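Asks: coordinates for the following, if possible.
(one chain, ligands or ions: 1)
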Amino acid sequence: MNQLELAPIYAQSLFLRKLALTDTEKLYQMSVEPGMKQWIPDQVYADCNHARQVLEFLMAQYRPDANPKKDPIVLGVCLKNTQELIGHVGLSPLEKHVEIGYAIEEKHQKKGYASEAILAISDWAFKYFDLPLILGVVASANKASCRTLEKAGFTFSQEEERLMHGEMTGVRIYFCKPSE
Ligand SMILES: CC(C)(COP(=O)(O)OP(=O)(O)OC[C@H]1O[C@@H](n2cnc3c(N)ncnc32)[C@H](O)[C@@H]1OP(=O)(O)O)[C@@H](O)C(=O)NCCC(=O)NCCS
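Replies: Presented below is the predicted three-dimensional model:
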């Protein structure tokens, strides 16, 4: 079976599902929140049409041979009790490895949802793809994101300067390996 047919991926209070065009408006609204503008400016959309184009691209990656070593796999993060879409989490190629990315809508932050979503997608990815590790690359100043990776069990590896969103930025590199 195609691994993506196994989505939704269920966690404790969340499930991760494939994104759909009906998510366009919500994805646009989330993209223009201050935290997104500050930390992931390349995922801020000009308008709903722009968000829709990005969604179409992401949905086109849900192929039978989908593999995060080659193409991004981004899933919506939804609350189990209301089905509401509250963020997204994804894996994408980075050099020879796979990098994790995530965001949670402001009104739902600090409730443990990002760390739960990161754990869920990492477990799923280690099970279905042959990954030696998953990387997390975070601006050192993004304390919320660093703490979130730590809470999700990622190990801090090193701090270095990297080109991020067009600027040399101090970043912290984390990794997570499959559990034995
Ligand atoms: C980073 C982000 C995804 C965290 O989402 P979240 O759902 O609030 O995270 P969690 O609730 O799982 O919190 C995980 C840990 O981070 C801490 N944390 C969350 N937000 C924080 C903040 N603003 N400042 C300090 N710590 C914070 C939590 O307290 C928790 O640690 P604890 O258990 O020791 O208290 C969210 O702030 C976000 O979407 N930011 C904008 C986009 C972004 O930066 N994405 C990551 C790019 S690398």
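
Asks: only C-alpha atoms from now on, for both contacts and neighbour counts.
Replies: OK.

Asks: any part of the longest helix seen in the chain near the ligand?
Replies: For the chain, the longest helix by residue count, based on DSSP state H, is helix 113-128. Yes - using Cα under 6 Å from any ligand atom, helix 113-128 reaches the ligand at Tyr113, Ala114, Ser115.

Asks: enumerate the residues of this structure near the ligand.
Replies: Residues of the chain found near the ligand (Cα under 6 Å from any ligand atom) are 35-36, 39-40, 101-104, 109-115, 138, 143-145, 147-148, 151.

Asks: can you name the residues that contact the most centrally placed residue in the chain?
Replies: Central residue of the chain (Cα atoms, centre = their mean): Val89, 2.5 Å from the mean position. Counting by Cα atoms under 8 Å, 6 or more residues apart in numbering, Val89 makes contact with Val74, Leu75, Gly76, Val77, Ile100, Gly101, Tyr102, Ala103, Ala117, Ile118, Ile121.

Asks: let's go with 10 Å and repeat that
Replies: 16-17, 73-77, 100-104, 114, 117-118, 120-121 (Cα atoms under 10 Å, 6 or more residues apart in numbering).

Asks: ok, Ala141 next?
Replies: Per Cα under 10 Å, 6+ apart, neighbours of Ala141: Trp39, Thr169, Gly170, Val171, Arg172.

Asks: give me the nearest residue to the first one, chain neighbours excluded.
Replies: Closest residue in space to Trp39, ignoring its immediate chain neighbours: Asn142 at 7.3 Å, by Cα to Cα, 6 or more residues apart in numbering.

Asks: the one you found: what's it in contact with?
Replies: Taking Cα under 10 Å, 6+ apart, we find Asn142 in contact with Gly35, Gln38, Trp39, Val171, Arg172.

Asks: hmm, Glu150 and the last one touching each other?
Replies: If I follow you right, that is Arg172. No - contact between Arg172 and Glu150 fails when scored by Cα atoms under 10 Å: they sit 11.3 Å apart.

Asks: between the two, who's got more neighbours?
Replies: Neighbour count, other Cα atoms under 10 Å: between Arg172 and Glu150, Arg172 has more, with 20 against 16.

Asks: pull up the pairing partners for the strand or helix carrying the more buried one, direction included.
Replies: Here Arg172, judged by DSSP states H and E, is contained in strand 167-176. Strand pairing for strand 167-176, determined by DSSP bridges: strand 134-139 (antiparallel), strand 155-164 (antiparallel).
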